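# Next come a sequence and a model predicted from it.
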Amino acid sequence: MNLAQIQALFQANVLAETPDSVFLARLNPPTRGKNIEERFAVYHDGFRLRMAEFLSHDYPVLREALGDEVFGAIVETYIEARPSRHRNARWFGAGLPEFLSQTPPFAGDGFICGLAALEEALARSFDAADAATLPVDRLGAAPPEDWPRLCFGFHPTVVLVDAPVAALRCYEAAQAEIADFNPAAFGDAQGVILVWRDGLEVRYRLLAELEAMALREAFGGKPFGDICAALAFSRPGEGEADLAAMAAQFLANWFSDGLIVAAAAHRE
């Protein structure tokens, strides 16, 4: 057996729920009073402790909301179901929100799944690549006839999160060190949370319904004319000119917030 095969076998047993007894028997004989199972447990258990530490770092508010015992059980299940496939352990916990949404007893728990999704988005935004943003005066340089065809590129740190409003308020309460948070006080209200990074600071805000709709359209590559049409369709009783002005204000705000990195008229 060559070195690569030995390393692969060692890794497989570190990742396994229970190390293979045949593999353990092939390792060096016990020394200093410790048997081989105890010695190998340093690697086997240590790996899980480190992975749990990474998850606790990425999801501190989720851990607080669930309690250490429940969160610990989730961590153990997640580690076994989705062993790390990345050299950078930072990405190990990125799949936890999806895992929770598919795994009982949290598969139908919007609050817990939403809180996990928010914390994952905040961490992802912080780690995302940087890019030069466009100044808002770039809009004024576009000819009026090009505005309906303007499409926009967004900063790599921009993330949209669908979550109950209670999940956002829980996160804010934890940041403010407010105890005894009650998610039931916010009912079933759902929201769209915009997350992005401004310099080294990750920012977020809860979007109003129409801005969330407009931002989704723009984020999906739709031109400004289509964005205005979508708003008009959703609000048939309001004037198209007023909705177009509202969309233009949304756009100006996105530029001012540093969300936009590209703007060009789409040519068919």
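That came through fine. Worth saying up front: this structure is predicted, and the values here are computed from it rather than measured.
# Helices along this structure, start to end?
3-15, 21-26, 36-58, 60-66, 68-81, 96-102, 110-127, 137-140, 165-175, 209-219, 224-234, 240-257 (DSSP state H).
# Which strands or helices does the fourth one pack on?
With contacts defined as 3 or more CB pairs under 8 Å, 6 or more residues apart in numbering; DSSP states H and E, the packing partners of helix 60-66 are helix 68-81, helix 110-127, helix 165-175. All C-beta atoms are positioned from the backbone trio N, CA, C, and that covers glycine.
# try the second one
Secondary structure elements in contact with helix 21-26, counted by 3+ CB pairs under 8 Å, 6+ apart, are helix 3-15, helix 36-58.
# Would you map out the domains in the chain?
Domain assignment for the chain, taken from automatic domain parsing, gives 1-108, 129-268.
# would JSON lines of the ones you listed with mean neighbour count be doable?
Below are the domains of the chain laid out as JSON lines (neighbours: other CB atoms under 10 Å):
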{"stretch": "domain 1-108", "mean neighbour count": "14"}
{"stretch": "domain 129-268", "mean neighbour count": "16"}
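# Take those and lay them out in TSV including distance to Ala123.
Formatted as TSV, the domains of the chain follow (distance: least, CB to CB, whole Å):
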stretch	distance to Ala123
domain 1-108	5
domain 129-268	8
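# and the ones you listed, which one's lowest on average pLDDT?
Note on the domains of the chain: domain 1-108 shows the lowest mean pLDDT, a mean of 80.
# I'd like to know which of the helices of the chain is closest to Thr157.
Closest of those to Thr157 is helix 110-127, at 4.4 Å (criterion: CB to CB).
# where's that closest one relative to the chain centroid, distance-wise?
On the basis of CA atoms, centre = their mean, to the nearest Å, helix 110-127 is displaced by 4 Å from the centre of the chain it belongs to.
# cool, and stretch 176-183?
Stretch 176-183 sits 22 Å away from the centroid of its parent chain (CA atoms, centre = their mean).
# Relative to Leu118, which of the domains of the chain is closest?
domain 129-268 (5.4 Å).
# Nearest the geometric middle of this protein, what residue?
Centroid-nearest residue in the chain, with CA atoms, centre = their mean: Ala121, separated by 2.5 Å.
# How about the contacts made by the closest residue to it other than its chain neighbours?
Spatial nearest neighbour of Ala121, excluding adjacent residues (CB to CB, 6 or more residues apart in numbering): Val159 at 4.3 Å. Val159 makes contact with 121, 124-125, 194-196, according to CB atoms under 8 Å, 6 or more residues apart in numbering.
# Ala262 versus Val159, what's the distance?
18 Å (CB to CB, to the nearest Å).
# Same question for Ile36.
From Ile36 to Ala262 the distance is 58 Å (CB to CB).
# What of Leu160?
The gap separating Leu160 from Ala262 is 18 Å, by CB to CB.
# repeat for Glu177
Glu177 is 40 Å from Ala262, by CB to CB.
# pretty sure Glu76 is touching Leu49, no?
No. Contact criterion CB atoms under 8 Å: Glu76 and Leu49 do not qualify, at 11.0 Å.
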